[in-house]
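1. Sequence and predicted structure are below.
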Amino acid sequence: MTSPFADPALLWLIVEIEVATIAGALALLFAHGYYLHREANLRREILAPARQLLPAVLDGTLNKSVVDTDGNRRGVVRDFTWGSDGEPALVILDEDSQSSFLLSFSAERKVGDVVLIGASQKLVPVPSGFRSGAELLRALPESLRILLFIDFGRSISGEEKGNLRSLAQNTGVLANAEAGCRSLWWWRRLHSLRLLTVLHAGEDIGLSLLSDKNPLVRAQAAEWATDHPEPEVIKRLLELLGDPESLCRFYVEDSLLRMGPIVVDRLVEYLNTHIGKEIEEALKVSVGLPSPQFLEPALSLVKHENPAVRTLAASLLGSIGGDQAVETLRDLLKDTSAEVRATAASALGRLHYWPASSELADMLGDPDWYVRRNAGYALRAVGPPGILVLRQSTNNRNELAAEMARDALEFSDITTGAQLT
Amino acid sequence: MSWLEQAFGLLIAWEWIILGYFLFVNSYVAILLVSAAWETWQNSLKSRWEARWRVQGSSVAPSLSMLVPAYNESATILQSVQALLALYYPSLEVVVVNDGSKDNTLSLLIERFELVRVNPIYQQSVPARPARGLYRSRTHPNLLVVDKENGGRSDALNAAINLATGELVCAIDADTIIEPEGLERLVRPFLTGGDIVAAGGTIRPVNGCIVQRGRVVSVHAPTRPLAGFQVVEYIRAFLFGRVGWNRLGGNLIVSGAFGMFRRDALVAKGGYEKTCICEDMEVVVGIRRRGYEQGISQRVVYIPDPVGWTEVPESR
């Protein structure tokens, strides 16, 4: 046997691998450092002044008259820009001479429908090689441009959002994003759609992305849908309630809940026509949007073979209330599933339905702890009749029922600590 | 064969062993490095420009209980609990367990948060020493304080699990500082898969950093060498080791300083093992083992995003 290090070729190979690894790591380190340095410069020179200027642009400063404190009209705000030193400025057009001037952004004061400046404020003629704000924005690297629009888009709404959308259109950001939504790369579709979501744009592309093959893109499309509650979008969202990916289902439920009562009709129709596991997700949304319109499907779904569906239907009945709902909930106290019984007891308590006190008292002896606990809570919630039943139950021969009755009576209110006994 | 030849033969055999060992270790580290780089890149693609507030403001977000075991933490407990209560999450509960502290941890909590004794109805789902008293805050309805006999960190966490009502529970150390978006970052994996039972994120040592009102406002390296070594070790372990193993499906630990679990999975496992000194690892291994034995997928995921800061010892 010879030493592995006796062969110079092997030794060289090891040395070469080591050197290549170290060189690669150093190259990566320098490349990353250069990238960070370049991005820091861009942020300082372009992003910072743009951030200062955009609020003024978005709240309608553009096209406003510029008037000095002596009441002289000095022109109209036509654009915005920033110099090589990063100083932001508004571009003022003097309508008489048809020449453009720069007004230092820090000098500007907006009062009502006009931009008010000091009488002695000098307007600097636009220098040669002037680039408008839109041009400067267009020159930004795509990632920074998107960052800027997303940054602002999330903190504004209404007219300002519309102005930002127009700016995005003028600077080509919207067109790029819509093209990005058609990319073969999932992450380009995802990032582009995130921008369109913030800008409340993408009516032509968003709906189709609800059927995207990538779950992250579908989830993002569901988020986009919140601001587009059109019938076709709602219909497609409801179809996604049966999506195999839980992230998609989460965003779909969240979007439907944020859309509010506008989805109730479609949801009722959905509950009446579907029978699969997707019903569970639809019921979760329905519980968050309680409406008497859900009564009929809920009464039907309490007979569903799946206990999870029955549980959610019971919860929905508890949110709706009414004679039919409480009668059905009383029946559900005898359900074979402990979860259904516990939810029914809880729902009756939430509705303060005191006539069910005796049935709830029986539930105190249920073999399942959660059913007993919810019955105890429910009796506490229905008020004096429930308290009376609880006191009687402390002498119940069933030790489980007596113990839970005692616990429920001793149970203290969360915020005050006040006790009944 | 002379003894010299035999010694020489042994030496050559040893050289082969060393070469084999280094080939194995370097290959293993290379695979882990590539895996970690891929995972980090993928994660950055997924989370770029994401609207994190969406989960925080959602009525369908899972409820969450923060479990905070505290033993002789009078120096930091008020600041820690205040910072936890200031976290924004739609359905957040904070369960602090005073694990038989010998100092005035409990009295400080009672005074600062106007605690009153209560009798909640709860089930002893996992074994824990009995509670001496349970307290709710008049000023913060989502704060529950448990006073119990000393039983160690695992026992305190088990007591907190019994009282927690959240679908998710988050075990943290009393001195952990959570990043403002840390909770949302850790909750997100649970939304992406129903089979995810535990999630962890990157924890960094807070030594040397400037902390104001329970938030890290400026990051600096510690001046003491021992803490400095630990900073490097934390970065290596979290960003390289755990993230790499995440892609390979081999994560067996979630940091005790800040880890999130599905409560059901923890209860089914039987909670934290009280006799084990590395309970953080034991609980994850136990959960995964249970999944394998029952043939159900129970995944543990790790996210490279920073989620929290913790104090590391600066002397032996």
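-> Right, received. Where do you want to start? Treat the numbers as computed from the prediction; the structure is a model and nothing was measured.

2. In which helix or strand does A:Glu223 reside?
-> Using DSSP states H and E, A:Glu223 maps to helix A:215-225.

3. what's that helix packed up against?
-> helix A:186-199, helix A:203-209, helix A:231-239, helix A:246-259 (3 or more C-beta pairs under 8 Å, 6 or more residues apart in numbering or on different chains; DSSP states H and E). Every residue, glycine included, has its C-beta placed from N, CA and C.

4. again, only this time at 6 Å
-> Applying 3 or more C-beta pairs under 6 Å, 6 or more residues apart in numbering or on different chains; DSSP states H and E, we find helix A:215-225 packed against helix A:186-199, helix A:203-209, helix A:246-259.

5. okay if I get those as JSON lines plus distance to chain B, mean neighbour count and mean pLDDT?
-> Conversion of the helices and strands packed on helix A:215-225 to JSON lines gives the following (distance: least, C-beta to the nearest C-beta, whole Å; neighbours: other C-beta atoms under 10 Å in any protein chain shown; pLDDT from 0 to 100):
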{"stretch": "helix A:186-199", "distance to chain B": "4", "mean neighbour count": "24", "mean pLDDT": "94"}
{"stretch": "helix A:203-209", "distance to chain B": "15", "mean neighbour count": "17", "mean pLDDT": "91"}
{"stretch": "helix A:246-259", "distance to chain B": "4", "mean neighbour count": "24", "mean pLDDT": "94"}
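
6. who in chain A is up against chain B?
-> A:1, A:3-4, A:150, A:187, A:194, A:246-247, A:250, A:253-254, A:257, A:288, A:369, A:373, A:407, A:410-412, A:414-415, A:417 (C-beta under 6 Å from any C-beta of the partner chain).

7. try 7 Å this time
-> Neighbours of chain B within chain A, by C-beta under 7 Å from any C-beta of the partner chain: A:1-5, A:146, A:150, A:187, A:191, A:194, A:216, A:223, A:246-247, A:250, A:253-254, A:257, A:284, A:288, A:369, A:373, A:376, A:407-408, A:410-412, A:414-415, A:417.

8. Can you flag the buried ones in those?
-> A:4, A:146, A:150, A:187, A:191, A:194, A:216, A:223, A:246-247, A:250, A:253-254, A:257, A:284, A:288, A:369, A:373, A:376, A:407-408, A:411-412, A:417 (16 or more other C-beta atoms under 10 Å in any protein chain shown).

9. Name the nearest residue to B:Glu167, sequence neighbours excluded.
-> Using C-beta to C-beta, 6 or more residues apart in numbering or on different chains and skipping the chain neighbours, the partner closest in space to B:Glu167 is B:Pro62 (4.3 Å).

10. how about that neighbour, secondary structure?
-> coil (DSSP: H, G, I helix; E, B strand; the rest coil).

11. Now do the same for the residue lying closest to B:Gly9 once chain neighbours are set aside: its pLDDT.
-> Distances taken as C-beta to C-beta, 6+ apart place A:Met1 nearest to B:Gly9, at 6.6 Å, with adjacent residues excluded. Note for A:Met1: predicted pLDDT of 70.

12. about what we covered before: so what's the residue nearest to B:Glu167 up against?
-> Taking C-beta atoms under 7 Å, 6 or more residues apart in numbering or on different chains, we find B:Pro62 in contact with B:167-168, B:187, B:190.

13. hey, C-alpha coordinates of stretch B:20-28 in CSV?
-> Output of stretch B:20-28 as CSV, limited to C-alpha atoms (Å, rounded to 0.1, in the frame of the first residue of the first chain):
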residue,chain,number,x,y,z
GLY,B,20,-11.4,9.5,3.2
TYR,B,21,-12.7,11.5,6.1
PHE,B,22,-11.9,14.8,4.6
LEU,B,23,-13.5,13.8,1.3
PHE,B,24,-16.6,12.8,3.2
VAL,B,25,-16.7,15.9,5.3
ASN,B,26,-16.0,18.2,2.3
SER,B,27,-18.6,16.5,0.1
TYR,B,28,-21.2,16.7,2.9
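
14. if you look at that stretch, does any of it touch chain A?
-> No - looking at stretch B:20-28 against chain A by C-beta under 7 Å from any C-beta, there are no contacts, and the closest approach is 8.5 Å.

15. what's near enough to touch residue 310?
-> Using chain A here. A:Arg310 touches A:302, A:304, A:335, A:337, A:340, counting by C-beta under 7 Å, 6+ apart.

16. Please refer instead to chain B.
-> B:173, B:175-176, B:203, B:205-206, B:257.

17. mind listing which of these are in strands?
-> Of the positions in the contacts of B:Thr310, B:203, B:205 sit in strands, assigned by DSSP state E.

18. how about the contacts of B:Thr310 in a markdown table, adding neighbour count and pLDDT?
-> Listed next are the contacts of B:Thr310 as a markdown table, based on neighbours: other C-beta atoms under 10 Å in any protein chain shown; pLDDT from 0 to 100:
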| residue | neighbour count | pLDDT |
| --- | --- | --- |
| B:Asp173 | 21 | 84 |
| B:Asp175 | 18 | 79 |
| B:Thr176 | 25 | 85 |
| B:Ile203 | 26 | 89 |
| B:Pro205 | 22 | 91 |
| B:Val206 | 21 | 90 |
| B:Ala257 | 22 | 83 |
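
19. and the two most separated of the contacts of B:Thr310?
-> B:Asp173 and B:Pro205 (12.5 Å; C-beta to C-beta).

20. what bridges to A:Leu102?
-> Using DSSP bridges, the beta-bridge partners of A:Leu102 come out as A:Val91, A:Val124.

21. What values do phi and psi take at B:Ala171?
-> Main-chain dihedrals, B:Ala171, degrees, to the nearest 10: phi -90, psi 120.

22. Is any residue of stretch B:222-239 near chain A?
-> No - in terms of C-beta under 7 Å from any C-beta, no part of stretch B:222-239 sits within range of chain A; the closest distance is 14.0 Å.

23. average model confidence for the helix or strand that contains A:His37?
-> For A:His37, the element it lies in under DSSP H and E is helix A:8-42. Regarding helix A:8-42, the rounded mean pLDDT is 86.

24. Output the contacting helices and strands for that helix.
-> Here helix A:8-42 touches no other helix or strand, going by 3 or more C-beta pairs under 7 Å, 6 or more residues apart in numbering or on different chains; DSSP states H and E.

25. what distance separates it from the centre of its chain?
-> Relative to the centre of its chain, helix A:8-42 is centred 41 Å away, using C-alpha atoms, centre = their mean, to the nearest Å.

26. List the buried residues of it.
-> By neighbour count on 16+ other C-beta under 10 Å, the buried set for helix A:8-42 is A:Ile14.

27. Could you identify the helix or strand that succeeds it?
-> helix A:48-56.

28. Of all the residues in that following helix, which ones are buried?
-> Within helix A:48-56, judged by 16+ other C-beta under 10 Å, the buried ones are A:49-50, A:52-54, A:56.

29. any chance of these in JSON lines, with pLDDT too?
-> Formatted as JSON lines, the buried residues of helix A:48-56 follow (pLDDT from 0 to 100):
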{"residue": "A:Pro49", "pLDDT": "72"}
{"residue": "A:Ala50", "pLDDT": "74"}
{"residue": "A:Gln52", "pLDDT": "71"}
{"residue": "A:Leu53", "pLDDT": "70"}
{"residue": "A:Leu54", "pLDDT": "74"}
{"residue": "A:Ala56", "pLDDT": "66"}
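
30. Of these, which is the nearest to A:Glu278?
-> Nearest to A:Glu278 among those, with distances taken as C-beta to C-beta, is A:Leu54, at 42.9 Å.

31. I'd say that closest one and A:Gly153 touch.
-> No - between A:Leu54 and A:Gly153 there is no contact, the gap being 10.3 Å when judged by C-beta atoms under 7 Å.

32. State the number of residues packed around residue 211.
-> Chain wasn't specified; assuming chain A. A:Ser211 has 12 neighbours, counted by other C-beta atoms under 10 Å in any protein chain shown.

33. wait, chain B
-> 15.

34. ok, which residues in chain B are in contact with chain A?
-> B:9, B:12-13, B:15-16, B:19, B:45-46, B:48-51, B:54, B:58-60, B:116-121, B:123, B:136, B:138, B:141, B:191-194.
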